[in-house]
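Visitor: predicted structure and sequence below. I'll ask about it afterward.
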Amino acid sequence: MADNKDNNKESSTMPAIEGQVTGKRETTSSIPPKQESEKKTTSKPRSHALLWLMILICLLGVAGLGGAGYWFIYNKQDNNQTLVTAHEKLVKTQEAQQDRLAKLNQDNAALQQQLSQLEQSRQALGKAVNELTATSRTMQRQTESALTQLQNLEGKRPSDWLIAEADYLVRMAGRKVWLERDIRTAIMLLVNADKRLKSLSDPSVLPVRALIAEDIQTLQQVNPVSRTSVALAISGLLPQVDKLPLDTFERPLDPTQEKVSDSVDDWKANIKRVWRSLVDDFVSVKRTDKPIEPMMSEQQQWLNREQLKLALMQAQSAAMGSEHTLYQQSLNNAKTLLEQKFDKDDSKVVGMLSGIENLQITDVSKELPNKLAAQAPLETLLEQRVKNVFGKGDSAI
């Protein structure tokens, strides 16, 4: 299109130039011949210069149009490449945006699920809060009711506490009797329980006080011998066993036996003494009026002492358990061992036998009651007082 425009311009310029030339020619026809020849000579160079100028201008225009076309085509290719690149970037950007949008949708779904779970948790928490509020109100009402009942019981609390203390003391007395066999402490606890009930000045507790007095009399009739004292007495005898002499046979010394002298002059007598000692070792004749008893070896001596210790320890254990039959049997065994295996002429053995005989006359048996008569009635009295005060017990609170 640019080339066509340039050609049209050239065609339009050429007739103009020719018209100018013909015009000039026409105008010059009226000039005289001399002047016309002069003008011809001067107009030719000018017309050629102008023609070359116009050609040059046309060439420059054609070159400019060509350069412009080349520049337009080159820029068009660059623009196409830029458009392709921009389109690819746009496609990638759209894909990335789509990925982000999908991720946002996933995150949104997860958030929606979390919101749903939080809503459920909130509802459960609200339900729990409502239940706790209801429970708190119920507890508050129960507390107010209990406070009202305690205010109403202002004057009755001391008597109830005294009955409860008496019941506790009777229970402790029973434990002292059956678990520890401590009669003295049990009697003291029963006396204190009777004092608590006496301070009430209430005739309704007189039957219970009578039963407590009966329990005290029953315990006072129990054998008052202290098991601990008997066990300690036996413990004092045990270390003396190793010091007691046993009844063993001892070989008497021969008064006729003489020693060898150191004098050289008594060499004949010394030979006789040596010869007599050698002969006496082979044959020995002795006379005695008492029955011959066998000698007791060291092992037998140790065994006899240990048997005596064992009998005494069994008696000690039986005394602690108030087992009178086993106690007497163990002491009899110890006494028999002393009489048969130990030297009865020794003062230590005589003292040991005397101590065992004193222990034998001690009665360690204790017939304890199976139960205290006042325990069950006192528990019943305490329960009745509680029911009269609180109605149905804990259910009223």
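Guide: Everything's here; your move. Since the structure is predicted, the reported quantities are computational estimates derived from the model, not experimental observations. Numbering: from 1, shown residues only.
Visitor: quick one: mean pLDDT over whatever helix or strand residue 113 lives in.
Guide: Here residue 113 sits within helix 33-152, counting by DSSP states H and E. When pLDDT is averaged over helix 33-152, the result is 80.
Visitor: show me what that helix is packed against.
Guide: With contacts defined as 3 or more CB pairs under 8 Å, 6 or more residues apart in numbering; DSSP states H and E, the packing partners of helix 33-152 are helix 2-28. Bear in mind the C-beta positions are built from the backbone N, C-alpha and C, glycine included.
Visitor: circling back: next SSE after the helix holding residue 113?
Guide: Tracing the chain past helix 33-152, the next element assigned as helix or strand by DSSP H and E is helix 157-175.
Visitor: next, the angle helix 33-152 makes with that following helix.
Guide: 80 degrees (axes from the mean of the first three to the mean of the last three CA atoms, to 10 degrees).
Visitor: now do the SS call for residue 373.
Guide: In the three-state summary, residue 373 is assigned as coil, counting by DSSP: H, G, I helix; E, B strand; the rest coil.
Visitor: for it, give me the pLDDT.
Guide: Per-residue pLDDT puts residue 373 at 85.
Visitor: quick one: residue 377 and residue 54, what's the gap?
Guide: Shown here: residue 377 relative to residue 54, a distance of 154 Å by CB to CB, to the nearest Å.
Visitor: now do the phi/psi pair for the residue nearest to residue 324 when sequence neighbours are not counted.
Guide: Distances taken as CB to CB, 6 or more residues apart in numbering put residue 365 closest to residue 324, at 3.7 Å, once the chain neighbours are dropped. The phi/psi pair for residue 365 (degrees, to the nearest 10) reads phi -80, psi 140.
Visitor: give me the below-cutoff pLDDT ranges for the stretch 151-300 of the chain.
Guide: Low-confidence segments of the stretch 151-300 of the chain, defined by pLDDT under 70: 151-159, 223-224, 249-265, 278-296.
Visitor: just the helices in it please.
Guide: 157-175, 183-198, 206-220, 227-237, 267-282, 298-320 (DSSP state H, counting those that start in this stretch).
Visitor: what separates the fourth one from the chain centre, distance-wise?
Guide: Centroid displacement of helix 227-237 relative to its chain, using CA atoms, centre = their mean, to the nearest Å, is 47 Å.
Visitor: equivalent analysis for stretch 106-116, please.
Guide: Between the centre of stretch 106-116 and the centre of its chain there are 40 Å (CA atoms, centre = their mean).
Visitor: tell me, how many neighbours does residue 99 end up with?
Guide: For residue 99, the number of neighbouring residues by other CB atoms under 10 Å comes to 10.
Visitor: distance-wise, check it relative to residue 87.
Guide: Between residue 99 and residue 87 the computed distance is 19 Å (CB to CB).
Visitor: over to residue 62?
Guide: Following CB to CB, the distance that separates residue 62 from residue 87 is 37 Å.
Visitor: those two: who's more crowded?
Guide: Relative neighbour count places residue 62 above the other of residue 62 and residue 87, with 15 against 10, counting by other CB under 10 Å.
Visitor: report the separation between that one and residue 76.
Guide: Taking CB to CB as the criterion, residue 62 is separated from residue 76 by 21 Å.
Visitor: swap in residue 120?
Guide: For residue 120, the distance to residue 76 equals 65 Å [CB to CB].
Visitor: with residue 84 instead?
Guide: Relative to residue 76, residue 84 is positioned 13 Å away (CB to CB).
Visitor: one more: residue 325?
Guide: With the distance defined as CB to CB, residue 325 ends up 135 Å from residue 76.
Visitor: quick one: what helix or strand has residue 355 in it?
Guide: Under DSSP H and E, the secondary-structure element containing residue 355 is helix 347-360.
Visitor: quick one: that helix to chain centroid distance?
Guide: 59 Å.
Visitor: may I have that helix as PDB, with CA atoms only?
Guide: Provided in PDB are the C-alpha atoms of helix 347-360 (Å, rounded to 0.1, in the frame of the first residue of the first chain):
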ATOM      1  CA  SER A 347      22.800 -73.900 144.300                       C
ATOM      2  CA  LYS A 348      22.200 -72.500 140.700                       C
ATOM      3  CA  VAL A 349      20.200 -75.600 139.800                       C
ATOM      4  CA  VAL A 350      18.200 -75.400 143.000                       C
ATOM      5  CA  GLY A 351      17.400 -71.700 142.300                       C
ATOM      6  CA  MET A 352      16.300 -72.500 138.800                       C
ATOM      7  CA  LEU A 353      14.000 -75.300 140.000                       C
ATOM      8  CA  SER A 354      12.500 -72.900 142.600                       C
ATOM      9  CA  GLY A 355      11.800 -70.300 139.900                       C
ATOM     10  CA  ILE A 356      10.100 -72.900 137.600                       C
ATOM     11  CA  GLU A 357       7.900 -74.200 140.500                       C
ATOM     12  CA  ASN A 358       6.800 -70.600 141.200                       C
ATOM     13  CA  LEU A 359       5.900 -70.100 137.500                       C
ATOM     14  CA  GLN A 360       3.900 -73.400 137.600                       C
END
